[in-house]
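Trainee: just a sequence and a predicted model for now, questions to come.
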Amino acid sequence: MQVFFVTMTFETGNSAGFLANHMARLFAAGLARRIQPLGLAPAQFMVLLVLWDGDGLTQRDLVERLDVEQATMANTLARMERDGLITRQPSPTDKRARIVRLTDKARALEGDAKAAAQAQNNAALSGLSAAEADQLVDLMRRVVGTMQRRA
């Protein structure tokens with residue numbers, strides 16, 4: 001098996017890291033503009049996406065699934081609780097853990113928030129064919145997986 005390494009200069013236009021970071025910031029800014037009328041921030045939206053898939057997770061579960069720092073998650077959850085999006089209840093099986101649950105307010109935002117995110121994705125990928133967009137997403141998943149395995 002041959003292994004090939006791509007040599008790139010660290011000029012901004014050739015650096016995968018720079019481009020990924022720049023693209024992520026542009027996506028986040030576009031998403032923020034689209035979900036702001038719903039009273040959401042991007043970090044809250046990411047937590048909601050996970051909870052809409054499976055309500056009743058612990059803060060630790062959310063940290064692991066979103067790959068963020070514990071302190072960052074604690075601050076995000078505190079804001080979400082203040083904004084009436086979640087409740088935190090003691091875990092019946094672990095005295096130290098609290099279960100994060102969606103409120104009716106958060107459940108009611110799901111359709112509009114996901115539509116806003118889809119609109120942002122559509123706008124960002126509009127310069128690509130459907131096959132190219134699928135390929136980009138596949139390549140991004142592979143890079144993320146590689147980086148997670150090496151972390």
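Mentor: Thanks, I have it. Numbering: from 1, shown residues only.
Trainee: what about the closest residue to Arg79 other than its chain neighbours, neighbour count?
Mentor: In space, Arg79 comes closest to Gln44 once its chain neighbours are excluded; the distance is 6.9 Å by C-beta to C-beta, 6 or more residues apart in numbering. In short, each C-beta sits where N, CA and C put it, glycine included. By the criterion of other C-beta atoms under 10 Å, Gln44 has 22 neighbours.
Trainee: contacting residues for Gln44?
Mentor: 76, 79-80, 83, 85 (C-beta atoms under 8 Å, 6 or more residues apart in numbering).
Trainee: do Lys114 as well
Mentor: Counted by C-beta under 8 Å, 6+ apart, Lys114 has contacts 49, 52.
Trainee: now with 10 Å, please.
Mentor: Contact analysis of Lys114 by C-beta atoms under 10 Å, 6 or more residues apart in numbering lists 35, 45, 48-49, 52.
Trainee: gap between it and Gly56?
Mentor: According to C-beta to C-beta, to the nearest Å, Lys114 and Gly56 sit 20 Å apart.
Trainee: with Gln148 instead?
Mentor: Using C-beta to C-beta, one gets 25 Å for the distance from Gln148 to Gly56.
Trainee: can you check the pLDDT for the nearest residue to Met23 once chain neighbours are set aside?
Mentor: Closest residue to Met23 apart from its sequence neighbours, by C-beta to C-beta, 6+ apart: Ala124 at 8.0 Å. Note on Ala124: pLDDT of 95.
Trainee: great, nothing more from me.
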